[in-house]
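**Q** Only the shape, not the letters, is given here:
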């Protein structure tokens, strides 16, 4: 009997170790993905220069065709048909070049010039991002199997789950739209989060505290990590908006920024992401209140974690409300987003570690 228990404990220990190895592998692969995306962005100015030369050559060809058609029209009556054909062909060529742009936000208008060149580094980055996400999800699953519970009981596991949702949301988005321009800016925070989890927040696999042994854990924390993953994407796009807006106002070429959507499109994309993330965070707060009633007999106890969760809710509610009612957009709205994400970082990295309360489950 004892040997059987020892075998089970050894199996659980092996799963926990393999989970840690998978997390390290995910961090390594995502680092390579980030570098691949960075190489692709570095090549963007050269691609745009070649595209510009190709467009100039096409324009010259269209003008030459129009001149030939005009000469033919003057020479013979049959030239009328030739002129019509040439004009239609020229218009079609111009139209095709106009359509060679990518519509990212689904409003029917083109946002980013399409790239006729094969972007091998971007493709490599996407493949590595899929692989890194697979490693991370495998690590989370093995961690769950090792402890026989949802892997959501401490800061280390929350970090892993939030990073996984960040990557999954980006990858699912990439199946619908060409968002390779966003790859470097998603894999960078994902890599940093995993390094932080492995080096700072790591906790040995163990059982849950009694107060966390509830079905509400899976509901409450899962939705919280999903919303944080979306808020991270919203923050990244907002930061890119500020950089793009500055470039446009100063009239600079901007290097790789020219391969990104224009500032108005980035502003709309950030708003769309936050529209999805905010209700999820509101659901997180409501679930937390219901769980608190079941666990402690009170819906609200003004615990530091509860207070900061409410602050995050208020900041993002103000952001969405100001955009709808006051018409805020641009830098004012972006500033509110930056404040909101700063509150998320404080709630996770400061309150969980340095404030003692009923939510002291960091595991550190």
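**A** Arrived safely, thanks for sending. All figures in this text were calculated on a predicted structure; none of them were measured in a lab. Residues are numbered from 1 along each chain as shown.
**Q** C-alpha from now on. contacts and neighbour counts both.
**A** Fine.
**Q** got a list of what the nearest residue in space to residue 234 that is not next to it in sequence touches?
**A** Counting by C-alpha to C-alpha, 6 or more residues apart in numbering, residue 234 lies nearest to residue 270, which is 4.9 Å off, once chain neighbours are set aside. Neighbour list for residue 270: 233, 234, 235, 237, 238 [criterion: C-alpha atoms under 8 Å, 6 or more residues apart in numbering].
**Q** If you count neighbours, what's buried in whichever strand or helix holds the first one?
**A** Following DSSP states H and E, one finds residue 233 within helix 216-250. Of the residues in helix 216-250, 216-218, 220-242, 244-245, 247-248 count as buried by neighbour count, 16 or more other C-alpha atoms under 10 Å.
**Q** buried ones in the next helix-or-strand element following it?
**A** Once helix 216-250 ends, the next helix or strand along the chain (criterion: DSSP H and E) is helix 263-296. By neighbour count with 16+ other C-alpha under 10 Å, helix 263-296 contains the buried residues 263, 265-271, 273-275, 277-278, 280-285, 287-292.
**Q** Let me see the ranges of the helices in the protein.
**A** Assigned by DSSP state H, the helices in the chain fall at 2-42, 44-75, 79-99, 120-147, 155-176, 183-199, 216-250, 263-296, 304-321, 331-346, 352-354.
**Q** And the pLDDT at the residue most central in space within the chain?
**A** With distances taken as C-alpha atoms, centre = their mean, the residue of the chain nearest its centroid is residue 233 (3.5 Å). On the pLDDT scale, residue 233 is placed at 98.
**Q** picking up where we left off before, and the helix holding residue 233, how far from the chain's centre?
**A** Put simply, helix 216-250 sits 7 Å off its chain's centre (C-alpha atoms, centre = their mean, to the nearest Å).
**Q** Now do that helix against helix 263-296, angle only.
**A** 160 degrees (axes from the mean of the first three to the mean of the last three C-alpha atoms, to 10 degrees).
**Q** Show me the shaky parts of the chain.
**A** 1-12, 46-117, 211, 253-254, 355-364 (pLDDT under 70).
**Q** can we see that at 90?
**A** 1-16, 43-119, 146-154, 203-218, 249-259, 291-306, 323-332, 349-364 (pLDDT under 90).
**Q** out of the helices of the chain, nearest to residue 210?
**A** With C-alpha to C-alpha as the criterion, residue 210 lies closest to helix 263-296 of the helices of the chain, at 10.0 Å.
**Q** before we move on, back to that, would you agree the residue nearest to the centre of the chain is in contact with residue 273?
**A** Yes. Residue 233 lies in contact with residue 273 (C-alpha atoms under 8 Å); the separation is 7.4 Å.
**Q** Just to check, residue 236 is in contact with residue 185?
**A** Yes. At 6.6 Å, residue 236 and residue 185 qualify as touching, with contact defined as C-alpha under 8 Å.
**Q** Settle this for me: residue 167 is touching residue 191, isn't it.
**A** No. Counting by C-alpha under 8 Å, residue 167 does not reach residue 191; the two are 10.4 Å apart.
**Q** Report how many residues lie close to residue 325.
**A** Residue 325 has 8 neighbouring residues, counting by other C-alpha atoms under 10 Å.
**Q** Over to residue 336?
**A** By other C-alpha under 10 Å, neighbour count at residue 336 equals 18.
**Q** now it: how far from residue 166?
**A** 21 Å (C-alpha to C-alpha, to the nearest Å).
**Q** Kindly report the same for residue 238.
**A** In terms of C-alpha to C-alpha, residue 238 sits 16 Å off from residue 166.
**Q** Then residue 239?
**A** Counting by C-alpha to C-alpha, the gap from residue 239 to residue 166 is 16 Å.
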